[in-house]
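Trainee: got a predicted structure plus its sequence, pasted below:
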Number of protein chains: 2
Amino acid sequence: MSKTYRVAILGATGAVGTELLELLESRNFPISELKLLASERSVGRALKFKGENLVVEPVSDRALENLDLVLASAGGSTSKKWAPVAVEKGAVVIDNSSAFRMNPEVPLIVPEVNPQAAASHQGIIANPNCTTILLAVAIWPLHQVKPIQRIIAATYQSASGAGAKAMAEVKTQAAAILQGQEPVAEVLPYPLAFNLFPHNTPMNNFGYCEEEMKMVNETRKIFGTQEIRISATCVRVPVLRAHSEAINLEFATPFSPDTAREILSHSPGVKLVEDWRANHFPMPIEATGRDEVLVGRIRQDISHPCGLELWLCGDQIRKGAALNAVQIAELLVEKNLLKSAQAYISQ
Amino acid sequence: MSKTYRVAILGATGAVGTELLELLESRNFPISELKLLASERSVGRALKFKGENLVVEPVSDRALENLDLVLASAGGSTSKKWAPVAVEKGAVVIDNSSAFRMNPEVPLIVPEVNPQAAASHQGIIANPNCTTILLAVAIWPLHQVKPIQRIIAATYQSASGAGAKAMAEVKTQAAAILQGQEPVAEVLPYPLAFNLFPHNTPMNNFGYCEEEMKMVNETRKIFGTQEIRISATCVRVPVLRAHSEAINLEFATPFSPDTAREILSHSPGVKLVEDWRANHFPMPIEATGRDEVLVGRIRQDISHPCGLELWLCGDQIRKGAALNAVQIAELLVEKNLLKSAQAYISQ
C-alpha cells in the first residue's frame, strides 16, 4: 500500500481554501487524515470532502500537531504566525501567502519551472503570486530555448485575487448599477463592476505596487536569474476568477512566433488557444475552472526585431493558487520530500 | 454678429451622434441650422436640441445640400458613400469613421497635437480612432520635449467603442449572469460581462488586429513621423464608456518622471490624477463624462533606463470621438477654415 499523509488546510473556508479541498479530492491526493483549520469566524462550519462532512476547527498549537503537510492560505500574518509552529511540530508547509516568498531559505516553486528547488526545502515552501505563476508557466519554455532579456507586462486581474468577498462584492455592485443605484465598495477600495483600477496594493517609492514587484522579484527567483529586466502594470478588472496578461518579451536575437507556437503547443501546463480567423483567443470565461494557462496571440513585436508579444489567461484560484500548491504537494510526495526539516535533522 | 453655420450630424442616433448633439449645444457651437441625418431605421425619431425637437431625416443627396459642416458618425461605408457627396455640395465633413484616416490627402487631427494640419484640408477631415486620440493627447507633450522612440501599449477598451448596442448588451449579459442564466452575445462576438477578450477587429498576417494597427498608423500620422515604433495589444473589457491604456514609452535618453509629471500637469486636454498614498489613479468611472484624458502612475520603467510607464483613462465617446470632432469643428471656425474645397476653388 502506498504511503498516505496527514494533511491540514489552513484557511479552509476562503476562495483558495475551498479550491484546495476540491483539488485534494479530485486529484486523489494520498490522505490518511484531513483537518480543516480557519480563523474563529469560520469555526464550526462544515465542508464536504469525499462525501464526508468535515467541521472547521480553530488554528492552534495543538491543532497543528501530528501533521505531515499544511496547505496554508489564510493570509500573510496568519502564515507568519503559524507556519513556523507547524514546521516545528513536524509538518511541511506549502504557503500561499507572500510571507516567505522572498526568503532565500524558502523555495518558491512552479512545478513546471523549478521542481528541483523543492529538494532544498527546510519545512516551508512558498507558492508564488497568481500573476507570476501564470506568466512563469507560459514563458519558461521559451526562456529555455533563448533567454528572455526583458518583460513588459500589463495585467487584467479578476476579483478573486482579493478573495471570495471581493467576488461577491463585484456582483452586488453590478446588480446595484443595473438597478440605477450607486455601487458600494467595502472590500475593494473602489467600485469594480463596470470599472477597473490599478491594483490596490501599496506603492513603493518608484511608483510600482506590491503586486507588480511580486511579478518582478518572484519571476526572477523562480527562473533562478536576476538578469531578466521586468516592468509590470497590474490592473484589477471586473472579471470573477481568471487573470489575463498582455506580455511583451524581448530576446537577444529574434524569436520566431512559429517556433514559440510550436514550443508552447506541447509545453506542460500550457494550452494554445489561437484561432486567427474566428478571432478566438484566451478569455477569462474559458480559462475559468481549467488547469492550464491559455496562451495565444503569439506574434512578432512590430516595434522591436527581437520582441515577441503574447496574451494569456489562467484561472487565478486554480493554477494561480490552489492547483499550483497541490502540484507542489504532489511533487513532494513523488520525490519523497514530504518530511519536515525536523525529520531531516532526526535522520 | 459672428458667423453661424448650417450643420448636419450624420448618424445622429448612435452613441457618438447623440453626444455630438449634446456637445454642439453645451459648447454653444455657432449654428444657424441643424439637421439630423441617419439611416432609414432611425428616421422619424425626434431628438432635443436647445429645447427644440428635431426630427431625424434620411440621408440623401438632397439632405446634404446647403450645408457648411457635416459631422459624420455612421460607420465607414456610410462615410465612404456620403462624405464625397457632402463635400461636392459644398460642406466640410469631419468624419469619425476610419474610411479616410490614412488617405494622405485627408488631415487626421487631434486639436491638442496637430491643429495646423487642418489648413490643408480638401473637404474631409478625419477624426482619429478613440484609443489613438487618448494616447496622443497624453504623450504628445512629452514627445515635444524629447522624441518618443518606441511605444508598447495594452488597452482596456469599453463596450461603447462598439456602439450603443454593445453597451446595452453588456448590461443585459450582466443581468443574465447575476440571475444564473447564460449570457447572450449578439453585437459582440463573445460575452463581455465579467469577461474580456482581444479586440474583435480582423487580424492581419502579422497577428495584429485593425484596432492595434490604427494605434500604430494613426499615431504616426498625427505626430507627423514614421520613426516611432509602436506595438499594441487591444482588449475589450466590461466597462461602459471609458477606455484605459497601460503605456510604456522609450526615449533615447532618460526622461525623469517628475519632469513628465510637471509637463502633463499643465498640458492641454490632460488632467493628472495621482494620489500615491490613497492609491487613487485614473479610473473609467471618473473619466466618464469628462473632457480631459486622465493620466497617472507616471514612473521610471525599472526595466529600461530610458523608459517611462504611465496609465491613462478617457471617455471613449467624448474625447475619444464626439468631443474631438467638435473641437476640430471649433478649430475650423476659429481659423476660418470651415469652407469646402469647392469654396476654395471658387475663390
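Mentor: Nice, I can see it.
Trainee: beta-bridge partners for the residue in the stretch 1-150 of chain A that chain B sits nearest to, please?
Mentor: With Cβ to the nearest Cβ, the shortest gap between the stretch 1-150 of chain A and chain B falls at A:R150, namely 5.2 Å. Every residue, glycine included, has its C-beta placed from N, CA and C. Taking DSSP bridges as the rule, A:R150 bridges to A:R229, A:E250.
Trainee: and it, what's its pLDDT?
Mentor: Looking at A:R150, its pLDDT is 98.
Trainee: chain B contacts on the stretch 1-150 of chain A?
Mentor: Selection of the stretch 1-150 of chain A residues close to chain B by Cβ under 8 Å from any Cβ of the partner chain yields A:R150.
Trainee: show me where the stretch 1-150 of chain A has its helices.
Mentor: Taking DSSP state H, counting those that start in this stretch as the criterion, the stretch 1-150 of chain A carries its helices at A:15-26, A:76-88, A:130-145.
Trainee: next, the buried residues of the first one.
Mentor: This points to helix A:15-26. A:A15, A:V16, A:G17, A:T18, A:E19, A:L20, A:L21, A:E22, A:L23, A:L24 (16 or more other Cβ atoms under 10 Å in any protein chain shown).
Trainee: now stretch A:103-117
Mentor: By neighbour count with 16+ other Cβ under 10 Å, stretch A:103-117 contains the buried residues A:V106, A:P107, A:L108, A:I109, A:V110, A:P111, A:E112, A:V113, A:N114, A:P115, A:A117.
Trainee: the residue in the stretch 51-200 of chain A positioned nearest to chain B bridge partners, please.
Mentor: Closest residue of the stretch 51-200 of chain A to chain B, Cβ to the nearest Cβ: A:A154 (3.4 Å). Note on A:A154: beta-bridge partners by DSSP bridges are A:T233, A:A246.
Trainee: who's in contact with it?
Mentor: Listed by Cβ atoms under 8 Å, 6 or more residues apart in numbering or on different chains, the contact set of A:A154 reads A:A232, A:T233, A:V235, A:E245, A:A246, B:A154, B:T233, B:A246.
Trainee: residue numbers of the stretch 201-347 of chain A in contact with chain B?
Mentor: Neighbours of chain B within the stretch 201-347 of chain A, by Cβ under 8 Å from any Cβ: A:202-203, A:206-209, A:216, A:229-231, A:233, A:235, A:237-240, A:244, A:246, A:248, A:257, A:276, A:279, A:281, A:283-285, A:296-304, A:307, A:309, A:311.
Trainee: can you give me the strands for the stretch 51-200 of chain A?
Mentor: Under the criterion DSSP state E, counting those that start in this stretch, the stretch 51-200 of chain A contains strands at A:52-55, A:57-58, A:69-72, A:92-95, A:124-126, A:148-156, A:197-198.
Trainee: of all those, which one is nearest A:A162?
Mentor: With Cβ to Cβ as the measure, strand A:197-198 is the member of the strands of the stretch 51-200 of chain A nearest A:A162 (11.7 Å).
Trainee: next up, phi/psi of the residue sitting furthest away from the middle of chain A, please.
Mentor: Distance from the C-alpha centroid of chain A, by Cα atoms, centre = their mean, peaks at A:G180 (35.9 Å). Per-residue torsions, A:G180: phi 80, psi 10 (degrees, to the nearest 10).
Trainee: before we move on, the earlier item: for the contacts of A:A154, work out which two are farthest apart.
Mentor: Across those, the longest distance by Cβ to Cβ is 13.9 Å; it joins A:A232 and B:T233.
Trainee: compare these two (neighbour count), which wins?
Mentor: Regarding A:A232 and B:T233, a neighbour count based on other Cβ atoms under 10 Å in any protein chain shown identifies A:A232 as having more, with 29 against 26.
Trainee: residues contacting that one?
Mentor: A:A232 neighbours (Cβ under 8 Å, 6+ apart): A:T131, A:I151, A:I152, A:A153, A:A154, A:T155, A:Y208, A:E211, A:E212, A:M215, A:V216.
Trainee: now the buried members of those.
Mentor: For the contacts of A:A232, buried by 16+ other Cβ under 10 Å: A:T131, A:I151, A:I152, A:A153, A:A154, A:T155, A:Y208, A:E211, A:E212, A:M215, A:V216.
Trainee: quick one: the residue lying closest to the last one once chain neighbours are set aside from A:L310, how far?
Mentor: Computed as Cβ to Cβ, 6 or more residues apart in numbering or on different chains, the closest residue to A:V216 that is not its neighbour in sequence is A:I230, at 4.4 Å. The gap separating A:I230 from A:L310 is 15 Å, by Cβ to Cβ, to the nearest Å.
Trainee: the more surrounded of these two?
Mentor: The neighbour count for A:I230 versus A:L310, taken as other Cβ under 10 Å, is higher for A:L310 (27 against 20).
Trainee: what's near enough to touch that one?
Mentor: Applying Cβ under 8 Å, 6+ apart, we find A:L310 in contact with A:A138, A:I139, A:I247, A:L249, A:A260, A:V295, A:G296, A:R297, A:I298, A:R299.
Trainee: shouldn't the residue of the stretch 1-150 of chain A closest to chain B be in contact with B:I302?
Mentor: No - the pair A:R150 and B:I302 fails to qualify as a contact (Cβ atoms under 8 Å) at a distance of 10.6 Å.
Trainee: and for those two, which residues touch both?
Mentor: Overlap of the contact sets of A:R150 and B:I302 (by Cβ under 8 Å, 6+ apart) consists of A:R229, A:I230.
Trainee: ok, and what's touching stretch A:271-284?
Mentor: Counting by Cβ under 8 Å, 6+ apart, A:156, A:158, A:239-244, A:261, A:264-265, A:286, A:290, A:292-298, A:311-313, B:189-190, B:194-198, B:200, B:202-203, B:207, B:209 sit against stretch A:271-284.
Trainee: if you set the cut-off to 6 Å instead, what comes out?
Mentor: For stretch A:271-284, the surrounding residues in contact (Cβ atoms under 6 Å, 6 or more residues apart in numbering or on different chains) are A:239, A:242, A:264-265, A:292, A:294-297, A:311-313, B:195, B:197-198, B:200, B:203.
Trainee: one more: stretch A:48-60?
Mentor: For stretch A:48-60, the external contacting residues (Cβ under 6 Å, 6+ apart) are A:10, A:12, A:21, A:25, A:34, A:36-38, A:40, A:42-43, A:45-47, A:63, A:82.
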